[in-house]
Every structure is written in structure tokens, then in C-alpha cells.
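[1] task: produce atomic coordinates for the following.
(2 chains)
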Protein chains: 2
Amino acid sequence: MPPPRPRPTEDELIARYFAPLAGEGGLALKDDAALLKPLAVHELVLTVDALVAGVHFFPDDPPEAIAVKALGVNVSDLAAKGASPAGYLLALALPDDWSEAWLAAFTAGLGKAAQAFACPLLGGDTVRAGGALSRSITAVGQVPAGRMVRRTTAQAGDRICVTGTIGDATLGLALRQSTDAPPWASSLTGEEQNDLLDRYLRPRPRLALAPVLREYAHAAMDVSDGLAGDLAKMMRASGASAVVDMQRVPLSPAARAALAGDSRLMDRLVTGGDDYEILCTLPETRITAFLRTSAAAGVPATVIGTVVEGGGLPVFRSEGRERRFESGSFSHF
Amino acid sequence: MPPPRPRPTEDELIARYFAPLAGEGGLALKDDAALLKPLAVHELVLTVDALVAGVHFFPDDPPEAIAVKALGVNVSDLAAKGASPAGYLLALALPDDWSEAWLAAFTAGLGKAAQAFACPLLGGDTVRAGGALSRSITAVGQVPAGRMVRRTTAQAGDRICVTGTIGDATLGLALRQSTDAPPWASSLTGEEQNDLLDRYLRPRPRLALAPVLREYAHAAMDVSDGLAGDLAKMMRASGASAVVDMQRVPLSPAARAALAGDSRLMDRLVTGGDDYEILCTLPETRITAFLRTSAAAGVPATVIGTVVEGGGLPVFRSEGRERRFESGSFSHF
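    Numbering: from 1, shown residues only, chains lettered A, B, ... in the order given. Model prediction:
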């Protein structure tokens, strides 16, 4: 048996795994800092997210999926603000038992995700963790000056839209967590179960919607902590409330099948996290054009309710009943 | 005895401790992202550093000092690149036993440091750590277009300068680490010992030097991993080597007193980390003007050597002997 190879130094790690991911502004990771030349008449949108093994993901998730998620959750924030990605910086804390095979798979996944999101590596720092693996990513985007889409500017009378389908990731998480499949899983095909798992593991940020949001939306945010909680957050920030038609919340065929197997799941679908869809509000008069334009951009969107005056938690209406989700927001803290 | 107060939620933490630190671009931390309006005809300089309790600092360091260091190490990178701070993003992972008193002291320290460095909070993420406390900071700076000072552009014939004094922080670390004072400590007054500790705990980024570097330096970087290792890094990146006169390396009175007590300390002074001074190279013809201008900016600088053609490790000359520091670089990894 050959002796184990010595572990690479930080400089070797950078040269072997990170430098190949660097975009132009990353200066081949040979300097102390990255250099970003902003587009003329643009502003910068910046967002940071930290993810910790055992808290935000499973340590044995595929390393490539961990990478996609790390970058995806940030890029999703940029898209919701109407911004195009310019690049990201990564702080990676490796636990004592890290392996080079894991790092190779992680950085390969990161490279693919960065290419898919047009968001190259600008810089990073790799350190020894004081426990579990963790990483934080700061993503930088650009938006035409004055056009960032805020969370705080929903207006009474606006219609509320959401992209894609809601609740798939939380069902995927339930499948990922359980050693015994949950009862509703028997209503799903193997392919549907895989689709749900994939929604949990690999967020697909709605980048194509960014220019559409700039054109149409009064307010937008990404749905990361559950539709109910995030809508409540947006309404609170906008000094308004909302009425949602629960029946209009868009569900995937897999989620519908699961719901058919257990009707109590609906609350979970609208409160569970990790959707990484976009929630936005816009005037009634522009709904038709918005839905057409977003569909043309490859992003299906659905009207689910209306912004109303006043405060208090959003009301979710379903078959004559009204629900309010007190602690609807899924907190990673 | 009153019952313990319940711990605040993440939203309460943000409102109570972080929102008051937010600069204009932080949008009061009420949106998903920060918005930075770049100065006209400027470019952005970005840098990230991760620090982990037990690896990069002592968990029982004063929380205010941990904050100063967290932000200071990043701002030091910006200064070395000739950039002015625009703001920072913080990812904070709190261990299970965090206390609100600790967080209050940490954020108070962060607020003071941010004010001193003119570098306001733009955004952040607070999560539960999977072990020790850790935080990473991404700092954003601005530099007139085309004027970022690189690490890779030192030229043979340039003189090498360093700001302030070298080695104080590594002596401070030794004092911090030891239960019994090291032998050389008896050569120091209590005040000198405190000064060294303070250099280790509270980096003072050389922000005032940024415009001077843009005007005069061919290449620059901050000294964070030891003078010898960082100089080797700069020379390697520039395809050159260097000759340093060890006797010219600037030392504080405290370091001189320690050295008088133990002459073998000199190697440690030039290889130990955490100086956060600036290393730069510039043409011989501009040295006088540079030294005058940097002194006028309140930053003493000293010529310590010369960039020479060829590769290989920099040579440190002292009393007829030549030294090369093989593993001079202090690695936090």
C-alpha cells in the first residue's frame, strides 16, 4: 500500500483547486485582494450567507451539491434584487478530517455552479475550522443605478406573485432526514422523490427573472425561509399586510401527490424553507404583461394574493377558512 | 434570583446589535442585500478573511479586541492595495454557549472599529456554529480606476520599505500564550509588555498610507504572516528576489529591550505574524519623497533592502551572515 500523500499546504490548495475557478477580477488569486471594475451607471448589490455542516446541510451531502447550494443561495438573493452576478468570495473552514477527495469534488461543483450562474470566484480564505465544516459566501451583483428591487416597497393593492413551485425542498428535506420514508412518500414515484430531494440539495436561482423584476416589480425577495414567513417579513418591512389564496400557491406534481397522501402537509409546504423561488408584488394593471414576460424568460410565475393596508400577519385563505402562520418563518439560527 | 432572560431571536439580534452599525448602503439591514453606489471612475477592491476561535485568536480575548482584529485585518489589506474602505459584510457563527453580554461587547467594539476605519457595516448573516465561534468578514474598498497597487509588480532595483515596527505582535502573542512569562519579558517594563499585547490584540491598519502607496509604490502588500514569509511571497509573485539588511528592520523600544534579553529572538521577530504593517517597493529615485510624504501622513516608514533579479528566497543579511527563512511564512491553516 502506498503511503498516504502529505496534505497540501494552503498555497498548494489555492493553486490546485481555487485559482482555476478565479474570474478576471480574481487576479488568479495571486494578490491580497480582488479587483472589480463596475459597469458604468451601475450600482453594486452585496449579500453574505453562512452555512454550517450539521446546521444548514448534512455533512454527508454530495460535496458537489453542498457547493451548488452555497453559491445558489447567494445568487438567488441577487436575482431577487434585480441584479446580475459579478462574482463571489468564499471563506471556507475545513474540519480536521477533511480529505483532498472531498475538496476536489466540492471545488468541481463550485466551478460548475459558478459557470451556470455566470458568477466567478473573486477571492477567498481557507482556514482550519474549530469544529464542523463551514463556509460563508459573499456574492456581488450589479444593477443599473437606482433600479435595485427592494423588499420594503410593496404597496397596498399590489398583486403578489411567486415563481415556480413552493414546498418541494421542504419535502425533499423530510425525505433526506428520515430513515423510514414518511407515510406520504408512498404516494410518489421514485422519480418524484428524486425531484424533491434535488430541489432541497440544488437550489436553482431565478437569474432570468432579474431584468423582469426591474421592469415590473414594486418589491421582491427570494423565498428561502418559507413562503409564509418571508411574505410576513416583506409585508412588515413594507408596512402592509396580505391576503393569500392558499389554493393558488403553485405546487409541483410531486407535492400534489404527497398532499393527496396527507392533506395536513399544506401548512408545511407554505412554511418550510429552501424554496429559492422569487416572491414579488406588482400593480394589477401590469400582471398580464409580467406573467407573459417572465414565462418568455423561462420562469413560470403565479398570482397568489393581494397586498392590503394595515399590519398584522398575512392571511392565508383556504376553503372558507383563514390561517395565519404565527411562527411561519423557518429560522436557521 | 430573576429567571434568565430568553435569548433573542435572529431578528431581535439584528435590530438590537447590528442595525445600529449599518452604513447607508446597509439599508438598515431591512433588505436581503446591501446596495453600494461606487464613486465615479473608481474600481472596487474586495478581500475576505475568516478567523476561528482557538485557531486565530483566544476564545477569552476581550470581545472588543476580537472585533477590532476581525475588521482590522481586512481593512489592512485594503490599505495595502491603495484603497479606501467602503464597508464590510460579516458572517458570524455563534457557539451554543454564546451570551448576550459577549455579543453586546463584540458589536460595540465592531462599531468603534468601523468608525475609526470609516468602514460601515453593509450586511451580515448570523448562524449557529458547529463548534467554535468563527466569523468571516468581506471588506470592500474603492480605488481610482487603474490605480490598485499590486503584489506582483515589484521591479529589480526597487528599494523595499516597511511601515511602523516589526515583530511586536508576535512578542505580544508569546506573552498572551505563556502562563510563565518568557525569559526576555523580565527585560521589559509593564507598560512595554502591555504595548506588545496590544499590538497582537488590536491591529492598526495603515489606512493613511493608501493614497501615498498609489502615488509612489510599484508593489505593496500588508505584513500579516511575518515579514520574511510575506516578502518571499511578494518576490515570488513578482518573479524577483530581495536582499534585506536585518539591522535596518524597524523595531520598537519594547522589541529592542526583549532582543537585548535574548538575541535569538531576531528570527522570531521577522517570521512571526500579525504585524499588519505595509511592505512596499519603489524606485530609488522616489525614496526621499515617499518617506517625507508617508511621515507627513503619520506613518513612519523605513528602507530595509532592495529587490534583485532572479528567484529564490530573499536573503537577510546581518553582521556578515546571510539568512534565508525557509518556512518563514506563518500559516494560519
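[2] now the host helix or strand of A:Ala50: mean pLDDT?
    Secondary structure assignment for A:Ala50, by DSSP states H and E: strand A:42-52. Strand A:42-52 shows a mean pLDDT of 95.
[3] now A:Ala65. Nearest residue, chain neighbours left out?
    Residue nearest to A:Ala65 in three dimensions, not counting chain neighbours: A:Leu201, with 4.1 Å by C-beta to C-beta, 6 or more residues apart in numbering or on different chains. In this view, the C-beta of every residue, glycine as well, is placed from N, C-alpha and C.
[4] quick check: that neighbour touching A:Pro63?
    No: with contact defined as C-beta atoms under 8 Å, A:Leu201 does not reach A:Pro63; the gap is 11.2 Å.
[5] which residues are common contacts for those two?
    Counting by C-beta atoms under 8 Å, 6 or more residues apart in numbering or on different chains, A:Leu201 and A:Pro63 have no shared contacts at all.
[6] report pLDDT for A:Pro6.
    pLDDT, A:Pro6: 66.
[7] ignore the last one, A:Phe57
    87.
[8] now swap in A:Phe330 and tell me
    A:Phe330 carries a pLDDT score of 43 in this model.
[9] can you give me phi and psi for A:Ala185?
    In terms of degrees, to the nearest 10, the main-chain angles of A:Ala185 are phi -60, psi -30.
[10] let's verify A:Tyr88: helix, strand, or coil?
    The three-state assignment at A:Tyr88 reads strand, by DSSP: H, G, I helix; E, B strand; the rest coil.
[11] number of residues surrounding A:Asp180?
    Neighbourhood size, A:Asp180 [other C-beta atoms under 10 Å in any protein chain shown]: 6.
[12] for it, give its distance to A:Phe58.
    According to C-beta to C-beta, to the nearest Å, A:Asp180 and A:Phe58 sit 17 Å apart.
[13] likewise A:Ala15?
    Applying C-beta to C-beta, the value for A:Ala15 to A:Phe58 is 30 Å.
[14] quick one: contacts for the residue nearest to A:Glu284 when sequence neighbours are not counted?
    Distances taken as C-beta to C-beta, 6+ apart place A:Arg159 nearest to A:Glu284, at 5.5 Å, with adjacent residues excluded. Going by C-beta under 8 Å, 6+ apart, A:Arg159 touches A:281-284, A:287, A:303, A:305-307.
[15] drop anything exposed from those.
    Neighbour counting with 16 or more other C-beta atoms under 10 Å in any protein chain shown marks A:281-282, A:287, A:303, A:305-307 as buried within those.
[16] and the residues you listed, which of them are in helices?
    Taking DSSP state H as the definition of helices, the buried ones among the contacts of A:Arg159 contribute A:Ile287.
[17] just give me the closest of the buried ones among the contacts of A:Arg159 to B:Thr170.
    Distance to B:Thr170, by C-beta to C-beta, is smallest for A:Thr281 among these, at 56.0 Å.
[18] mind pulling up the pLDDT for the residue lying closest to the closest one once chain neighbours are set aside?
    Excluding its sequence neighbours, the residue lying closest to A:Thr281 (C-beta to C-beta, 6+ apart) is A:Asp158, at 3.7 Å. Note for A:Asp158: predicted pLDDT of 98.
[19] just checking, A:Asp158 touches A:Arg286?
    No: between A:Asp158 and A:Arg286 there is no contact under C-beta under 8 Å: 9.6 Å.
[20] what about these two, which has more around it?
    Legend: neighbour count by other C-beta under 10 Å for A:Asp158 and A:Arg286, higher for A:Asp158 (25 against 16).
[21] where along the stretch 201-333 of chain A do the strands fall?
    For the stretch 201-333 of chain A, the strands defined by DSSP state E, counting those that start in this stretch occupy A:219-223, A:241-245, A:277-282, A:301-308, A:315-318, A:321-323.
[22] adding mean pLDDT, write those out as JSON lines.
    Shown next, in JSON lines, are the strands of the stretch 201-333 of chain A (pLDDT from 0 to 100):
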{"stretch": "strand A:219-223", "mean pLDDT": "98"}
{"stretch": "strand A:241-245", "mean pLDDT": "98"}
{"stretch": "strand A:277-282", "mean pLDDT": "98"}
{"stretch": "strand A:301-308", "mean pLDDT": "98"}
{"stretch": "strand A:315-318", "mean pLDDT": "95"}
{"stretch": "strand A:321-323", "mean pLDDT": "92"}
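[23] and the helices in the stretch 201-333 of chain A?
    For the stretch 201-333 of chain A, applying DSSP state H, counting those that start in this stretch gives helices covering A:210-216, A:227-238, A:253-261, A:265-271, A:287-296.
[24] tell me the most buried of these?
    Comparing these by mean neighbour count (mean count of other C-beta atoms under 10 Å in any protein chain shown), helix A:227-238 comes out on top with a mean of 24.
[25] skip the chain neighbours and tell me the closest residue to the single nearest residue of the stretch 1-150 of chain A relative to chain B.
    Residue of the stretch 1-150 of chain A nearest chain B, by C-beta to the nearest C-beta: A:Gly131 (1.3 Å). Excluding the flanking residues, the one nearest A:Gly131 by C-beta to C-beta, 6+ apart is B:Gly131, at 1.3 Å.
[26] ok, the one you found - contacts?
    A:129-132, B:95.
[27] I'd like those as a markdown table, with secondary structure, distance to A:Gly312 and pLDDT appended.
    Shown next, in a markdown table, are those (DSSP: H, G, I helix; E, B strand; the rest coil; distance: C-beta to C-beta, whole Å; pLDDT from 0 to 100):
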| residue | secondary structure | distance to A:Gly312 | pLDDT |
| --- | --- | --- | --- |
| A:Ala129 | coil | 42 | 89 |
| A:Gly130 | coil | 42 | 83 |
| A:Gly131 | strand | 41 | 87 |
| A:Ala132 | coil | 39 | 89 |
| B:Pro95 | coil | 36 | 91 |
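[28] and the pLDDT at the nearest residue to A:Gly167 once chain neighbours are set aside?
    Once flanking residues are discounted, A:Gly167 sits nearest to A:Leu269: 2.8 Å by C-beta to C-beta, 6+ apart. pLDDT recorded at A:Leu269 is 96.
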